[in-house]
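Asker: I'd like to go over a predicted model; first the sequence, then the structure.
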Amino acid sequence: MPVTDLIPHRPPFLFVDEIVSEDADSLVASRTWRPEEPFYQGHYPGAPITPGVLLCEAVFQAGALFLSRAQGAAAKGVPLLTKISDVRFRNPVYPGETTLVQVRRKDSLGGFTLMSGAMTSAGKRIMSVEFTVAWKVPGGGKA
């Protein structure tokens, strides 16, 4: 099933290519960072690296994929990021690299899901982050 069947994100703001594996508490996705993506033109000219905020976004989108799969057919609404903490970057990601993104549910509490995420490339740790997501129906309704 394409990731676009599970989450509302679309190009040019879709940073997960496919689900690689999943279980009851975690999901692994992949993303190839294509050299022709426009953000590389300005980050940085002559020495392009993937912006850290987009690496975080890829993790958050993998979290949304996890929540969508966990909810199944009941997944109406959109994922809303409610908290980000303890972001740590260890290595840059260059155009053409394929990264693996792992997210894990830590706890669910009152409509919020606490998660941890990590990204690797060729066995190297790229970054890690703790985050919380709520799944909401736009306009104030509940999912």
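Answerer: Now that the structure is in, tell me what you want to look at. Residues are numbered from 1 along each chain as shown.

Asker: so, low pLDDT: which residues of this structure?
Answerer: 73-75, 140-143 (pLDDT under 70).

Asker: can you show me the helices along it?
Answerer: Taking DSSP state H to define them, one finds helices in the chain at 52-71.

Asker: residue furthest from the geometric center of it?
Answerer: G46 (27.1 Å; C-alpha atoms, centre = their mean).

Asker: how much space between that one and Y40?
Answerer: 11 Å (C-beta to C-beta, to the nearest Å). Every residue, glycine included, has its C-beta placed from N, CA and C.

Asker: kindly report the same for V133.
Answerer: From V133 to Y40 the distance is 28 Å (C-beta to C-beta).

Asker: so the two - more neighbours on which side?
Answerer: Each of V133 and Y40 has its neighbours counted (other C-beta atoms under 10 Å); V133 has more, 22 against 19.

Asker: count of residues packed around the nearest residue to F13 once chain neighbours are set aside?
Answerer: Sequence neighbours aside, E57 is the residue nearest to F13 in space, at 7.7 Å (criterion: C-beta to C-beta, 6 or more residues apart in numbering). A count of nearby residues for E57, using other C-beta under 10 Å, gives 17.

Asker: cool, and K124?
Answerer: As a measure of burial, K124 has 12 neighbours, counting by other C-beta under 10 Å.

Asker: what bridges to it?
Answerer: K124 has these beta-bridge partners by DSSP bridges: S121.

Asker: correct me if wrong: it contacts V93.
Answerer: No. Between K124 and V93 there is no contact under C-beta atoms under 8 Å: 9.9 Å.

Asker: so E22 sits right up against A70, yeah?
Answerer: No. Using C-beta under 8 Å, E22 is not in contact with A70; the gap is 9.2 Å.
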